[in-house]
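A.B. asks: Just the structure for this:
(2 chains)
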Amino acid sequence: MRELTYREAIREALREEIQRDDRVFIMGEDVAVAGGAFNVTQGLLAELGPERIFDTPLSESAIVGAAVGAALMGMRPVAEVMFADFTTIAMDAIVNHAAKMHYMYGGEVSAPLVVRLAYGGGMRFAAHHSQSVESWLANVPGLTIVMPATPADAKGLLKAAIRTPNPVIFLEHKLLYNTKGEVREGEYLVPIGQADIKRPGDGVTIVATGLMVDRALGAARSLAREGISAEVIDLRSIQPLDEETILGSVEKTGHLVIVHEAPVRGGFGGEVAAVVANKAFGYLDAPIQRVGAPWTPIPFSPTLEEAYLPKESDIVTAVRSVVGASAG
Amino acid sequence: MGYSDQLTEKDLIQMYRWMVLTRVFEDRICGLWGKGGVVELPHGSQGQEAIAVGACYGLRQQDHVMPSLRTRGAFLVKGISARVQMAGVYAKVTGPARGKATAHHMGDAERGVLLGSGIVGASITVAVGAALAFKLQRRDNVVVDFFGDGAAQRGDFHEGLNFAGVFKLPIIFVLENNGYSEYTPLSKHFAGSDFACRAQGYGFPGMRLDGNDIFAVYEAVQAAAARARAGEGPTLLECMTYRYRNHCEVQPPEAFRDPAEIEQWQAKDPIARMRAQLMQRGILTDALVSKITAEVEAEIDDAIQYAEESPFPAPEELYKDVYAPESPELVVGRRS
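C.D. replies: Presented below is the predicted three-dimensional model:
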């Protein structure tokens, strides 16, 4: 099968959806002529023309607010807010408008837009260009929140996101843009809301999102050498949350470690832990562990940022502690 | 006064009637507030009726309006019945979104009403997006976006108007300058001379006009709409007006302001003014004025009765319409 980068897979999804549906268009800061801050939309202006992809002023609130208005009038906007950290500026349009339109119109119309966000650390971009913002948005009914971890998922999930009649937050990890993976040719969709077992195992369940899926898989490989069989679940979306897959796995393994790049405290891992504690308490052989960032802003200097970001070794340590806890 | 000259007697009487209907609607809910029944805290538009009615009269059905806090008249002119509006005020299942949205922010896609916002000023960017869609779809509809002088101080005013100017969108920004941002007078929240001149900074025309003169409003909006339909872009209209009631019914009209100021503006009342003009022209007579008043009172009586007799939404309504229906190849899993 052919290989594409995560970036190319996203670009292919955008191109296919724009060619398939006259209502789809892309707007954002420097998305057209410059091809996006991370080159994701490079070349699309020449292929698709200036009505399907265009640059906007530096106005995150207007970009998403206008996407909401255009969506209400029958368009399918894909709005890019560049760095996920800038979500704060667009927060009102996302939270108070996009998410609530269908409800407040009494079901008459909805706001089918996609907000693409580049999130995550590791590029020495410091506190305002590195955050993982998913849990800021996870408490907002009406939103759908997608976090693809592989090129194949990125393509299929983005196509589904563009087609669903509801607003979708699509979080792309910056460090994944250059990663390669198999992406099958032609049309396919990945349904949003279905977690994917990226590695089967029976000793411990590791639930991860985005870049942390790769870290969890690395941890699982080292743990295998110690005789610990880890099952790695890639949530792919946190809203909807695929509780069934998580619970099914925990019922089998009896141990749970949850990994995300956002700070542990108040992070989405708490929700996953609560679901498991509530619905699979009897299957747990040890307390649930969470791995994530510490309770600090994201620092700039490499030594500090490395200390901040969750690593494979943190996951390995957490797994050993839960497995050890049940053995002891 | 080219556009106004083309209004027929029937049009003129209808415009007058819409203003009276708006006034009576607002007066009645303000009177009923606090006595049981009315759930939506009234943010009365009395005194500002010429703006909503003058701006919306003559729009096409698929021209969209974005209401401000104080555009009751816009809903009525766009074809939402007094019954539905009143049921919304009473929070009944027969109101907007079956009781899930208030009447003064309601949306109605079929009748060309964009859902307003409780976040004052935030609706500007959404209205701009509707205009963007019209342009991309090559439809010659326009958006009329209402907001107040308070909203004009929000960052979304700047982002929205700049965005509309850059893309030459078919939108008319109708700024209802009633001299107050909630309880704060203009002099305390604005150091500039006027808002209309801000349009220059966005590359499109802006003008200040008498918002209590329904013909001035109608004329300006029709001209701006013609410009917008011709692809010439947005217009900012700063309509000078005054609200007789306070920000909302939590405070009496005279709180935080000089009662003499209210009286001064009542002398410039938009409804009395149009009535005098139409009587002078022989279009309205005492008998017709009385007939219109009686009809409007009856319409509002009927709307109140309808609202009172309508049931509240059943608790199950809470869970409906959080997400639009999705096919399983797109989204699976629990949604509520």
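A.B. asks: Count residues in the vicinity of residue 109, would you?
C.D. replies: Using chain A here. A:Val109 has 21 neighbours, counted by other Cβ atoms under 10 Å in any protein chain shown. To be clear about C-beta, it is placed using only N, CA and C from the backbone, and glycine gets the same treatment.
A.B. asks: oops, chain B please
C.D. replies: Around B:Ala109 there are 16 other residues, counting by other Cβ under 10 Å.
A.B. asks: Now it: closest residue in space that isn't a chain neighbour?
C.D. replies: Of all residues not flanking B:Ala109 in the chain, A:Val109 sits nearest, at 4.7 Å (Cβ to Cβ, 6 or more residues apart in numbering or on different chains).
A.B. asks: Which residue ranges make up each domain of chain A?
C.D. replies: A:3-182, A:196-327 (automatic domain parsing).
A.B. asks: B:Ala228 contacts B:Phe173, doesn't it?
C.D. replies: No: between B:Ala228 and B:Phe173 there is no contact under Cβ atoms under 8 Å: 10.8 Å.
A.B. asks: Which residues are in contact with each of those two?
C.D. replies: Common neighbours of B:Ala228 and B:Phe173, using Cβ atoms under 8 Å, 6 or more residues apart in numbering or on different chains, are B:Pro234, B:Thr235.
A.B. asks: before we move on, back to that, next, format the domains of chain A as JSON lines and append mean pLDDT.
C.D. replies: What follows is the domains of chain A, written out as JSON lines (pLDDT from 0 to 100):
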{"stretch": "domain A:3-182", "mean pLDDT": "98"}
{"stretch": "domain A:196-327", "mean pLDDT": "97"}
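A.B. asks: Which one of these lies nearest to B:Pro67?
C.D. replies: Smallest distance to B:Pro67 across these (Cβ to Cβ): 12.7 Å, for domain A:3-182.
A.B. asks: gap between the two ends of that closest one?
C.D. replies: Domain A:3-182 has its terminal residues 4 Å apart, counting by Cα to Cα, to the nearest Å.
A.B. asks: again, but for stretch B:68-79
C.D. replies: Start and end residues of stretch B:68-79 are separated by 17 Å (Cα to Cα).
A.B. asks: tell me which residues in that stretch are buried?
C.D. replies: The neighbour-count check on stretch B:68-79 (16 or more other Cβ atoms under 10 Å in any protein chain shown) flags B:Ser68, B:Leu69, B:Arg70, B:Thr71, B:Arg72, B:Gly73, B:Ala74, B:Phe75, B:Leu76, B:Val77, B:Lys78 as buried.
A.B. asks: State the distance from A:Gln42 to A:Val115.
C.D. replies: Look at A:Gln42 and A:Val115: by Cβ to Cβ, to the nearest Å, they are 20 Å apart.
A.B. asks: quick one: which of those two has more around it?
C.D. replies: Between A:Gln42 and A:Val115, counting by other Cβ under 10 Å, A:Val115 is the more crowded of the two (29 against 16).
A.B. asks: Work out for me the element the more buried one sits within.
C.D. replies: Under the criterion of DSSP states H and E, A:Val115 resides in strand A:114-119.
A.B. asks: Which helix or strand lies directly C-terminal to that strand?
C.D. replies: helix A:134-137.
A.B. asks: Wondering if that next one reaches chain B at all.
C.D. replies: No: using Cβ under 8 Å from any Cβ of the partner chain, helix A:134-137 stays clear of chain B, with a minimum separation of 15.0 Å.
A.B. asks: which secondary structure elements does that helix contact?
C.D. replies: Judged by 3 or more Cβ pairs under 8 Å, 6 or more residues apart in numbering or on different chains; DSSP states H and E, helix A:134-137 is in contact with helix A:87-92, strand A:168-173, strand A:256-263.
A.B. asks: Export these to CSV and append columns for distance to chain B and mean neighbour count.
C.D. replies: Below are these laid out as CSV (distance: least, Cβ to the nearest Cβ, whole Å; neighbours: other Cβ atoms under 10 Å in any protein chain shown):
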stretch, distance to chain B, mean neighbour count
helix A:87-92, 5, 20
strand A:168-173, 9, 26
strand A:256-263, 18, 27
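A.B. asks: mind giving me CSV with these and columns for distance to A:Gly156?
C.D. replies: As requested, the helices and strands packed on helix A:134-137 are exported to CSV (distance: least, Cβ to Cβ, whole Å):
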stretch, distance to A:Gly156
helix A:87-92, 24
strand A:168-173, 12
strand A:256-263, 22
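A.B. asks: wait, which of the ones you listed is closest to B:Glu316?
C.D. replies: Distance to B:Glu316, taken as Cβ to Cβ, is lowest for strand A:168-173 among the helices and strands packed on helix A:134-137, at 26.6 Å.
A.B. asks: strand partners of that closest one, parallel vs antiparallel please.
C.D. replies: Here strand A:168-173 is paired, per DSSP bridges, with strand A:114-119 (parallel), strand A:144-146 (parallel).
A.B. asks: Distance from it to the middle of the chain?
C.D. replies: Relative to the centre of its chain, strand A:168-173 is centred 5 Å away, using Cα atoms, centre = their mean, to the nearest Å.
A.B. asks: How about stretch B:259-271?
C.D. replies: Distance, centroid of stretch B:259-271 to centroid of chain: 20 Å (Cα atoms, centre = their mean).
A.B. asks: Now whatever residue of the stretch 201-336 of chain B ends up closest to chain A. Its backbone dihedrals?
C.D. replies: When distances are taken as Cβ to the nearest Cβ, the stretch 201-336 of chain B reaches nearest to chain A at B:Gly333, 3.3 Å away. Reported as degrees, to the nearest 10, the phi and psi values for B:Gly333 are phi 110, psi 170.
A.B. asks: Also B:Pro234?
C.D. replies: The phi/psi pair for B:Pro234 (degrees, to the nearest 10) is phi -80, psi 170.
A.B. asks: So, low pLDDT: which residues of chain B?
C.D. replies: Applying pLDDT under 70 to chain B flags residues B:1, B:335-336.
A.B. asks: so how far is A:Phe281 from A:Gln289?
C.D. replies: According to Cβ to Cβ, A:Gln289 and A:Phe281 sit 16 Å apart.
A.B. asks: err, A:Ala208, not the other one
C.D. replies: In this view, A:Ala208 and A:Phe281 are 22 Å apart by Cβ to Cβ.
A.B. asks: neighbour count winner among the two?
C.D. replies: More crowded of A:Ala208 and A:Phe281, by other Cβ under 10 Å: A:Ala208, with 28 against 9.
A.B. asks: Give me the secondary structure label for residue 217.
C.D. replies: Unless you meant another one, I'm taking chain A. helix (DSSP: H, G, I helix; E, B strand; the rest coil).
A.B. asks: and A:Gln239, backbone torsions?
C.D. replies: Taking degrees, to the nearest 10, you get phi -140, psi 110 for the backbone angles of A:Gln239.
A.B. asks: Equivalent analysis for B:Ser181, please.
C.D. replies: Torsion angles, degrees, to the nearest 10, at B:Ser181: phi -110, psi 100.
A.B. asks: what about it, neighbour count?
C.D. replies: Neighbours of B:Ser181 under the rule other Cβ under 10 Å: 19.
A.B. asks: Quick one: name the residues of the stretch 151-300 of chain B near chain A.
C.D. replies: Near chain A, the residues belonging to the stretch 151-300 of chain B are B:Gly155, B:Asp156, B:Glu159, B:Gly160, B:Asn162, B:Phe163, B:Val166 when assessed by Cβ under 8 Å from any Cβ.
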